[in-house]
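>>> Here is a sequence with its predicted model. Questions after.
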Amino acid sequence: MRMPDELSEADFRSLYRRLRATAPGGGTPRGALDTITREQVLAAVREVRSGRTVSLAAPVNTRPGPDDADPAEHRLTAPADAEPAARGLEFARDRFAMNIHGDVDSHLDALCHVIYDGTLHGGAPAAGALSPAGASALSVDLARDGIVGRGVLLDVPRLHGVPWLEPGTSVTAEDLAAAEAMQEVRVGRGDIVLVRVGHRRRREELGPWDVADARAGLHPTAMEFLAEREAAVLGSDGNSDTAPSPVEGVAFPVHVLAVHGMGLHLLDYLRFEDLAPICAREGRWTFLCVIAPLRLPAATGSPVNPLAIL
């Protein structure tokens with residue numbers, strides 16, 4: 001792969017303004033979710049042929065590592081000392097706590113997640129919308145009824161004949177178009193676009209690493225592809241951003257462009273290692289995709305277990 005050029009902050013801001021002005025979700029409160037119509041949901045249902053369901057989430061991580069200093073916490077709270085009585089009724093109970101926006105666990109980013117130049121998506125002042133109690137606008141509650149539509153998996157490592165892209169590699173718009181052509185599929189309006197970079201497979205085979213320093217993701221200019229096709233949601237087995245950032249002075253340019261500029265909900269740190277072989281074997285890369293975030297009315301995101309239904 002040829003590494004794409006780095007962008008100056010001025011060039012990035014020019015790209016941001018262009019995408020915000022032209023992307024279908026660039027100014028509406030629900031963002032790009034408005035591109036998914038009832039007719040498109042019904043069409044996506046017709047993608048189901050075998051009835052097979054595949055989880056696109058990774059198992060929740062509870063062990064600290066170089067990419068997860070604050071892992072999820074899960075513990076049994078009853079029975080005491082995990083010792084049930086010999087007679088009578090008891091209930092096993094447990095407690096779960098999670099940093100939603102970590103670098104391992106699968107989650108959905110709400111439109112209030114990204115603050116850029118003091119504002120949220122659509123230009124709302126962040127100071128008036130965020131408080132210790134949570135977000136009063138653009139929270140994950142926008143997706144409380146679920147996100148249901150046609151999922152499209154673009155497998156970029158498969159395009160290049162490798163198991164994964166090495167950390168630091170940026171996926172270009174040309175890569176996405178080439179993956180489309182090889183897989184004989186075309187991304188369209190309202191699609192849930194899932195881009196595999198192989199992050200999860202690399203972690204499973206080689207072990208965790210500090211992803212803040214190096215990870216594969218999309219080059220900011222690849223967002224022009226998604227804007228042109230009018231995608232509804234973007235997901236990846238990484239977090240869609242390359243590290244180190246290819247943009248001077250902007251650490252997460254794809255997050256800024258997608259969430260803040262284009263109104264795209266992001267799915268971060270998914271797992272495609274069960275789905276991708278099925279798609280390759282069956283020669284079909286589209287499916288019904290169902291995403292059901294938790295009902296967290298003031299939250300900036302949610303853990304999520306997206307399902308591909310083939």
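Received the coordinates, thanks.
>>> Please count neighbours and contacts with C-alpha atoms only from this point.
Noted.
>>> any idea which helix is longest in the protein?
Taking residue count as the measure and DSSP state H as the definition, the longest helix of the chain comes out as helix 9-22.
>>> Which residues does that helix contact?
Residues outside helix 9-22 that contact it (CA atoms under 8 Å, 6 or more residues apart in numbering) are 26-27, 220-221, 224, 227, 247-250, 253, 257, 261-262.
>>> Provide a PyMOL selection command restricted to the buried entries of these.
Those of these that meet the burial criterion (16 or more other CA atoms under 10 Å) are gathered into one PyMOL selection, given here:
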select buried, resi 26+27+220+221+224+227+247+253+257+261+262
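>>> Which of the contacts of helix 9-22 fall within helices?
Per DSSP H, helices hold the following members of the contacts of helix 9-22: 224, 227, 253.
>>> If we only consider the residues you listed, which is nearest to Arg49?
Ala227 (29.4 Å; CA to CA).
>>> How about the contacts made by that closest one?
Ala227 sits next to 19, 22-24, 262 when contact means CA under 8 Å, 6+ apart.
>>> So what does the residue nearest the centre of the chain have for phi and psi?
Residue closest to the mean C-alpha point of the chain, counted by CA atoms, centre = their mean, is Leu267 at 1.5 Å. Here is the backbone geometry of Leu267 (degrees, to the nearest 10): phi -110, psi 120.
>>> what's around Arg158, how many residues?
If you count neighbours by other CA atoms under 10 Å, Arg158 ends up with 19.
>>> Pretty sure it sits in a strand.
No: when the secondary structure is assigned by DSSP: H, G, I helix; E, B strand; the rest coil, Arg158 falls in helix instead of a strand.
>>> Okay, Ala57 and Ala173: tell me how far apart.
When CA to CA, to the nearest Å is the yardstick, Ala57 and Ala173 sit 25 Å from each other.
>>> ok, those two, which is more surrounded?
Each of Ala57 and Ala173 had its neighbours counted (other CA under 10 Å), and the higher figure belongs to Ala57 (21 against 18).
>>> Am I right that the more buried one is in a strand?
No: the assignment for Ala57 by three-state DSSP gives coil, which leaves it out of any strand.
>>> Pull the contacting residues for Ser240.
By CA under 8 Å, 6+ apart, the contact list for Ser240 reads 216-218, 254-255, 268.
>>> And the pLDDT at it?
Predicted confidence (pLDDT) at Ser240: the value is 98.
>>> Kindly report the same for Asp81.
For Asp81, the model assigns a pLDDT of 84.
>>> now swap in Pro4 and tell me
In this prediction, Pro4 carries a pLDDT score of 74.
>>> Can you name the residues that contact it?
Contact partners of Pro4, counting by CA under 8 Å, 6+ apart, are 170, 172, 219.
>>> Could you export those as JSON lines, including neighbour count, distance to Val148 and pLDDT?
As requested, the contacts of Pro4 are exported to JSON lines (neighbours: other CA atoms under 10 Å; distance: CA to CA, whole Å; pLDDT from 0 to 100):
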{"residue": "Ser170", "neighbour count": "29", "distance to Val148": "28", "pLDDT": "97"}
{"residue": "Thr172", "neighbour count": "23", "distance to Val148": "27", "pLDDT": "97"}
{"residue": "His219", "neighbour count": "25", "distance to Val148": "27", "pLDDT": "98"}
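>>> which one among those residues gets closest to Pro208?
Set against Pro208, the nearest of the contacts of Pro4 by CA to CA is Ser170 (19.6 Å).
>>> Go ahead and confirm that closest one touches Gly217.
Yes: distance between Ser170 and Gly217: 5.2 Å, which falls inside the contact criterion (CA atoms under 8 Å).
>>> all helices of this protein, in order?
For the chain, helices defined by DSSP H occupy the ranges 9-22, 38-45, 126-129, 156-160, 173-183, 199-206, 223-229, 253-255, 275-282.
>>> Comparing the ones you listed, which comes out most buried?
Comparing the helices of the chain by mean neighbour count (mean count of other CA atoms under 10 Å), helix 253-255 comes out on top with a mean of 24.
>>> Might you report the residue contacts of the closest residue to Asn305 other than its chain neighbours?
Counting by CA to CA, 6 or more residues apart in numbering, the nearest residue to Asn305 once its immediate chain neighbours are dropped is Ala57, at 4.9 Å. Ala57 makes contacts with 105-106, 269-272, 304-306, as judged by CA under 8 Å, 6+ apart.
>>> Give me the distance between Ala57 and Cys289.
Taken as CA to CA, the spacing of Ala57 relative to Cys289 amounts to 12 Å.
>>> intersection of neighbour lists for those two?
Once CA under 8 Å, 6+ apart is applied, the residues that Ala57 and Cys289 both contact turn out to be Pro306.
>>> so what pLDDT did the residue lying farthest from the centre of the chain get?
In terms of distance from the mean C-alpha position of the chain, Arg87 ranks first, at 47.1 Å (CA atoms, centre = their mean). The pLDDT attached to Arg87 in the predicted structure is 90.
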